[in-house]
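Prediction below, plus the sequence it came from.
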Amino acid sequence: MADIDNALEQNWLGSVESGEHLPEEEMPEKAMNPNVAEQLIQHFRLNEAKANQNLATFCSTQMEPQADKLMASAMNTNAIDKSEYPKTAAMEDRCAAMIGHMWGIPEDEKFRKDFIGTSTVGSSEACMLGGLSMLFSWKHRAKANGIDIDDLHNHKPNMIIGSGYQVVWEKFCTYWNVEMRQVKLEHGSNESSLNIKKAMSMVDENTIGIVAVFGITFTGEIDDVQALDAEVTKYNEAHKDMPIKIHVDAAYNGFFAPWVDGFKPWDFRLPNVASINVSGHKYGMVYPGLGWTIWRKNDYEHLPKEMRFSVPYLGGSVDSIAINFSHSGAHIVGQYYNLIRFGKEGFRAVMENVRKVSTHISEVLKDTGYFEMITDGSLLPINTWKLRDDADVKWNLYDMEDALRSYGWQVPAYPLPKDRDDETVERIVVRPGMSMTIADDFAEDLHQAIADLNKKFN
């Protein structure tokens with residue numbers, strides 16, 4: 001009998017806890033067996049999106065088993081403690097150096113000596129750092145030119161960005177008392193990226209910089225950074241004392257664009273691009289929780305002294321730049337693994353396959369006869385569509401979202417940004433883990449979902 005009781009304690013089947021509700025607010029009085037706790041939490045998560053059918057998220061949902069092992073072994077490290085974990089710190093520097101060179105930093109320039117960067121907890125922190133460097137740099141220029149930066153009535157700092165921004169930029173402007181000057185979309189047009197003429201018309205002596213969104217999450221389109229850089233060059237020639245710089249928010253495209261064709265220069269090859277951010281957990285293929293910011297020069301103009309905090313490292317000191325403090329070094333290890341494991345050849349092959357799958361999905365959607373493609377996956381691996389104006393159906397894209405969910409697929413429908421928010425679109429993000437086989441499976445269910453909707457609404 002004791003053996004039976006012991007077996008029940010080790011397994012959720014027949015355990016006392018399996019017949020009770022999981023705790024919600026109060027901790028349980030007694031401890032439970034770890035095997036039982038693990039299994040009950042797995043049961044609780046049953047209805048979460050399956051990785052291969054989650055076509056909504058930009059974030060990596062799968063890594064190789066070797067990466068899983070490495071990251072698990074590094075979970076107990078603290079990335080902020082560079083002296084305690086010098087090899088993790090070294091991997092962070094190596095990743096930042098590789099990313100900087102991937103974005104056009106000349107090969108003969110050295111990390112920390114010529115340019116600088118840092119890992120972050122996701123691209124939101126990375127954006128915040130890019131914004132702060134623009135803000136502090138502007139304050140230094142303004143003071144040098146006799147502008148009273150404490151006179152917020154006449155000299156409140158402003159930042160210019162297209163209305164397809166990610167919410168972190170709104171947070172940045174709110175937290176740091178910066179006026180967000182949005183370049184709004186033109187209603188009734190097909191315009192979804194930054195209107196450069198409108199953007200430049202908003203620039204004044206209080207402008208800290210312009211954010212170019214190199215991969216708009218709503219549609220999968222991009223701001224034309226090269227054209228923006230040309231206009232900023234003209235502006236700076238006429239305003240040498242108060243020049244402006246560009247920060248590129250490349251959260252999901254920064255790890256994609258370098259490996260495929262079709263993109264004009266957008267990175268540090270352009271002289272006015274001062275900093276770039278990216279998510280390591282998107283096309284950097286690491287689990288959620290990692291971002292990167294790189295500055296083109298390791299000087300106070302690009303990365304002001306207010307953002308540099310000295311920490312001990314191997315008998316000396318290095319600059320600590322990130323906002324967050326204690327966090328695991330596991331994601332840094334995972335990023336370094338991906339960079340050396342895949343290399344340039346591997347990243348190129350992965351991203352070319354991603355684009356191939358994305359263009360195939362667009363063809364499937366167009367062939368239904370119901371949808372008009374906004375982005376077709378031929379540039380970024382994002383498929384965005386709306387119902388055709390002549391689509392003779394009684395259902396809408398929200399109904400389509402629900403119908404696909406019934407087959408397990410997560411495909412979001414949502415309105416476009418302000419001034420075009422009366423238009424509804426639907427979107428698929430093709431990530432490295434999505435094979436053509438999965439795309440074919442989706443295509444079958446798509447056709448069945450359409451048949452279901454036509455039957456339901458007739």
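Thanks, I have the structure now. Small disclaimer: the values here were computed from a predicted structure and weren't measured.

Strands along the stretch 201-350 of the chain, start to end?
Assigned by DSSP state E, counting those that start in this stretch, the strands in the stretch 201-350 of the chain fall at 207-213, 246-249, 273-279, 291-295, 309-313, 316-320.

Restricting to C-alpha, output the shortest one in PDB.
This file holds the C-alpha atoms of strand 246-249, laid out as PDB (Å, rounded to 0.1, in the frame of the first residue of the first chain):
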ATOM      1  CA  ILE A 246      18.500  59.000 -37.900                       C
ATOM      2  CA  HIS A 247      17.700  56.100 -35.600                       C
ATOM      3  CA  VAL A 248      16.600  52.900 -37.500                       C
ATOM      4  CA  ASP A 249      14.100  50.700 -35.700                       C
END
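
what does it contact?
Residues from elsewhere that reach strand 246-249, judged by CB atoms under 8 Å, 6 or more residues apart in numbering: 123, 127, 130-131, 133-134, 165-166, 169, 209-215, 225, 228-229, 232, 254, 266-267, 270, 272-277. For glycine as for every other residue, the C-beta is placed from the backbone atoms N, C-alpha and C.

Can you tell me, leaving aside adjacent residues, what's nearest to the most centrally placed residue in the chain?
The chain has A251 as the residue nearest its centroid, 3.6 Å off, counting by CA atoms, centre = their mean. Closest residue to A251 apart from its sequence neighbours, by CB to CB, 6 or more residues apart in numbering: S123 at 4.0 Å.

Phi and psi next, for the one you found.
Main-chain torsions, S123, degrees, to the nearest 10: phi -80, psi -10.

Need the strands of the stretch 201-350 of the chain in a markdown table (columns: mean neighbour count).
Shown next, in a markdown table, are those (neighbours: other CB atoms under 10 Å):
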| stretch | mean neighbour count |
| --- | --- |
| strand 207-213 | 27 |
| strand 246-249 | 27 |
| strand 273-279 | 28 |
| strand 291-295 | 27 |
| strand 309-313 | 13 |
| strand 316-320 | 14 |
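
P432 is nearest to which of those strands?
Evaluated with CB to CB, these place strand 273-279 nearest to P432, the distance being 13.3 Å.

what's the angle from that closest one to strand 291-295?
Using axes from the mean of the first three to the mean of the last three CA atoms, to 10 degrees, the direction of strand 273-279 lies 170 degrees away from that of strand 291-295.

Could you name the helices and strands sitting against strand 273-279?
On a contact count with 3 or more CB pairs under 8 Å, 6 or more residues apart in numbering; DSSP states H and E, strand 273-279 meets helix 122-144, strand 246-249, strand 291-295.

go again using 10 Å as the cut-off
Where contact means 3 or more CB pairs under 10 Å, 6 or more residues apart in numbering; DSSP states H and E, strand 273-279 is packed against helix 86-102, strand 116-120, helix 122-144, strand 207-213, helix 225-238, strand 246-249, strand 291-295.

Serialize these to a markdown table and add fields for mean pLDDT and distance to D151.
Shown next, in a markdown table, are the helices and strands packed on strand 273-279 (pLDDT from 0 to 100; distance: least, CB to CB, whole Å):
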| stretch | mean pLDDT | distance to D151 |
| --- | --- | --- |
| helix 86-102 | 97 | 37 |
| strand 116-120 | 97 | 32 |
| helix 122-144 | 97 | 10 |
| strand 207-213 | 98 | 16 |
| helix 225-238 | 98 | 23 |
| strand 246-249 | 98 | 25 |
| strand 291-295 | 98 | 29 |
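
Please name whichever of the ones you listed is nearest to R341.
Taking CB to CB, helix 86-102 is the member of these nearest to R341, at 12.4 Å.

Can you give the distance of the closest one from its chain's centre?
How far helix 86-102 lies from its chain's middle: 19 Å, per CA atoms, centre = their mean, to the nearest Å.

Who are the packing partners of it?
On a contact count with 3+ CB pairs under 10 Å, 6+ apart, helix 86-102 meets helix 65-74, strand 116-120, strand 273-279, strand 291-295, strand 309-313, helix 330-367.

let's go with 7 Å and repeat that
Helix 86-102 is packed against strand 116-120, strand 291-295, helix 330-367, with contacts defined by 3 or more CB pairs under 7 Å, 6 or more residues apart in numbering; DSSP states H and E.

What pLDDT is listed against the closest residue to G289 other than its chain neighbours?
Spatial nearest neighbour of G289, excluding adjacent residues (CB to CB, 6+ apart): H331 at 5.1 Å. On pLDDT, H331 comes in at 98.

Please verify my assumption that H331 contacts W292.
No - H331 lies out of contact with W292 (CB atoms under 7 Å); the separation is 10.6 Å.

joint contacts of these two?
G280 (CB atoms under 7 Å, 6 or more residues apart in numbering).

Please, which helix or strand holds the nearest residue to Y370 once chain neighbours are set aside?
Leaving aside its chain neighbours, Y370 sits nearest to A391 (4.8 Å; criterion: CB to CB, 6+ apart). Counting by DSSP states H and E, no helix or strand carries A391.

how far away is A391 from W385?
For A391, the distance to W385 equals 11 Å [CB to CB, to the nearest Å].

Compare these two (neighbour count), which wins?
W385 (24 against 14; other CB atoms under 10 Å).

can you tell me the helix or strand for that one?
strand 382-387.

and the angle for that strand with helix 330-367?
For strand 382-387 against helix 330-367, the angle by the same axes, to 10 degrees is 40 degrees.

State the next helix or strand along the chain beyond the lowest-mean-pLDDT helix or strand in the chain.
Using mean pLDDT, DSSP states H and E, the weakest-scoring helix or strand in the chain turns out to be helix 2-10, at a mean of 54. Next helix or strand after helix 2-10 toward the C-terminus (DSSP H and E): helix 34-44.

Go through that next one and flag the buried ones.
Residues of helix 34-44 classed as buried by neighbour count (16 or more other CB atoms under 10 Å): V36, A37, Q39, L40.

Identify the residues contacting S378.
By CB under 7 Å, 6+ apart, the contact set of S378 is T359.

On the pLDDT front, check it for me.
Taking S378 on its own, its pLDDT is 95.

Which strand or helix spans it?
Under the assignment here (DSSP H and E), S378 is part of no helix and no strand.

what bits of this structure have low per-residue confidence?
The model of the chain has pLDDT under 70 over residues 1-10, 186-192, 313-315.

S193 should be in a strand, yeah?
No - under DSSP: H, G, I helix; E, B strand; the rest coil, S193 sits outside any strand and is assigned coil.

show me the residues around it that make contact.
Going by CB under 7 Å, 6+ apart, S193 touches G162, I216, E221, I222, D223, D224.

who wins for neighbours among those?
D223 (28 neighbours).

List the residues that contact that one.
G162, S193, L194, A212, V213, F214.

10 Å - rerun?
161-162, 164, 183, 192-196, 199, 210-216, 246, 248-249, 266 (CB atoms under 10 Å, 6 or more residues apart in numbering).

ok, back up a step: could you pull out the residues contacting both of A391 and W385?
Shared contacts of A391 and W385 (CB under 10 Å, 6+ apart): T368, Y370, F371, E372.

Pull out the buried residues from those.
Y370, F371.

re the thing from before, output the helices and strands packed on helix 86-102 as CSV; include the columns distance to K156.
Output for the helices and strands packed on helix 86-102, formatted as CSV (distance: least, CB to CB, whole Å):
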stretch, distance to K156
strand 116-120, 27
strand 291-295, 25
helix 330-367, 37
